[in-house]
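# Sequence and predicted structure are below.
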Amino acid sequence: MNLVEDFLNDFCEIEKYLRVLTDSDEHKSFSKILQEAKTKNRVVSRYIGDLGTFASLRNLLSHERFSGAHVALPSKHVVERIKELRAKIISQPKLLKLCSVDLLTFDKEDTIQKVLLEMRKNDFSQVPILSEGILFGVLSSNTISRWLGSDAFDGLFCTSEVTVGEVMAHQEFSDNYEVLPQDQTYGKAVAKFEKATSKGKALDAILITHSGKPEQKLLGIVTMADMPKIMSELY
């Protein structure tokens, strides 16, 4: 194993990817690229310190010599580490990976009783709702609670007669979901949830379609319940 060559090759691949990601030319410094990339790639944000250290080592290997020899050499551990980061940054898992199971959906004309039974059976907190086959929205347990609370004053409601559409009229936010294409990365999903949280809004789900268009067939769903698994694969 040529440690210097392996290190430089992996660093070069990371730098090339980040320059494309940030639309940066060859004259922009790597440190500036990192600052721009950290908002576009969550792994970069997580490991920005390591990447800065690797950049300093790259500079020593590429530009500094003493009597014709490198003044510093990467250890085997460092080379293994940069290979790991290269894979995490450039080859993040795609959302398509979460589309292997048939997605459970309901129509807005279905009774809330039908939906509640399936949500309980499958331990779901959110389900996509369609209207004549087209995405209508995402029904969450929070919306169901708001509906129950609104009707609690008379103590009377019949779940076999009330439709999903009627319940969804009690949503706090109608834009409680995002639609992303199947070739987007796990990191993009994390960023969407973090952005919503920073704005004080609840993002109940990310829905996955072929190219991120809501009128396309739904292929998968990402909720906060998926975050531990996603984070473990990213970080």
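Arrived safely. Numbers count the residues shown, from 1 in each chain.

# Need the three-state assignment for residue 158.
Under DSSP: H, G, I helix; E, B strand; the rest coil, the three-state class of residue 158 is coil.

# How many residues are close by it?
Around residue 158 sit 9 other residues, with neighbours defined as other CB atoms under 10 Å. For the C-beta atoms, the positions are set from N, CA and C on the backbone; glycine is no exception.

# Tell me if I'm right that residue 192 and residue 180 touch.
Yes. Look at residue 192 against residue 180 with CB atoms under 8 Å: they come within range, at 7.4 Å.

# Name the residues contacting each of those two.
Common contacts of residue 192 and residue 180 (CB atoms under 8 Å, 6 or more residues apart in numbering): residue 206.

# helices and strands of this protein: which one bottoms out on pLDDT?
Within the chain, no helix or strand scores below strand 65-66, which has a mean of 68 by mean pLDDT, DSSP states H and E.

# Skipping adjacent residues, who's closest to residue 216 in space?
Beyond its immediate neighbours in the sequence, the residue positioned closest to residue 216 (CB to CB, 6 or more residues apart in numbering) is residue 209, lying 3.9 Å away.

# continuing past the least confident helix or strand of the chain, what's the next helix or strand?
Next helix or strand after strand 65-66 toward the C-terminus (DSSP states H and E): strand 69-70.

# what is the mean pLDDT for that next one?
Strand 69-70 shows a mean pLDDT of 72.

# partners of it, with directions?
According to DSSP bridges, strand 69-70 forms sheet pairs with strand 65-66 (antiparallel).

# Let me know the pLDDT of residue 88.
90.

# again, but for residue 231
Looking at residue 231, its pLDDT stands at 87.

# Any regions of this protein where pLDDT drops low?
Filtered on pLDDT under 70, the chain yields the residue ranges 1, 66-67, 100, 151-157.

# So it: which segments form each domain?
Domains of the chain are assigned by automatic domain parsing as 3-91, 96-234.

# ok now the last one, how far from the chain's centre?
With CA atoms, centre = their mean, to the nearest Å as the basis, domain 96-234 stands 16 Å off its chain's centre.

# now the closest residue in space to residue 165 that isn't next to it in sequence: how far from residue 114?
Spatially, and ignoring its direct neighbours in sequence, residue 165 is nearest to residue 108 (3.8 Å; CB to CB, 6+ apart). Distance of residue 108 to residue 114, given as CB to CB, to the nearest Å: 12 Å.

# any idea which helix or strand carries the closest residue to residue 24 other than its chain neighbours?
Of all residues not flanking residue 24 in the chain, residue 33 sits nearest, at 5.2 Å (CB to CB, 6+ apart). Here residue 33 is covered by helix 30-37, with elements defined by DSSP H and E.

# Pull out the buried residues from that helix.
In terms of neighbour count (16 or more other CB atoms under 10 Å), helix 30-37 has its buried residues at 30, 33-34, 37.

# nearest to residue 139, of these?
Nearest to residue 139 among the buried residues of helix 30-37: residue 37, at 36.4 Å, using CB to CB.

# which parts of the helix or strand containing residue 196 are buried?
Using DSSP H and E, the secondary-structure element containing residue 196 is helix 186-198. Across helix 186-198, burial judged by 16+ other CB under 10 Å covers 186-193, 196.

# Quick one: list the elements packing against that helix.
Identification of packing neighbours for helix 186-198 by 3 or more CB pairs under 8 Å, 6 or more residues apart in numbering; DSSP states H and E yields helix 42-46, strand 177-181, strand 205-209, helix 227-234.
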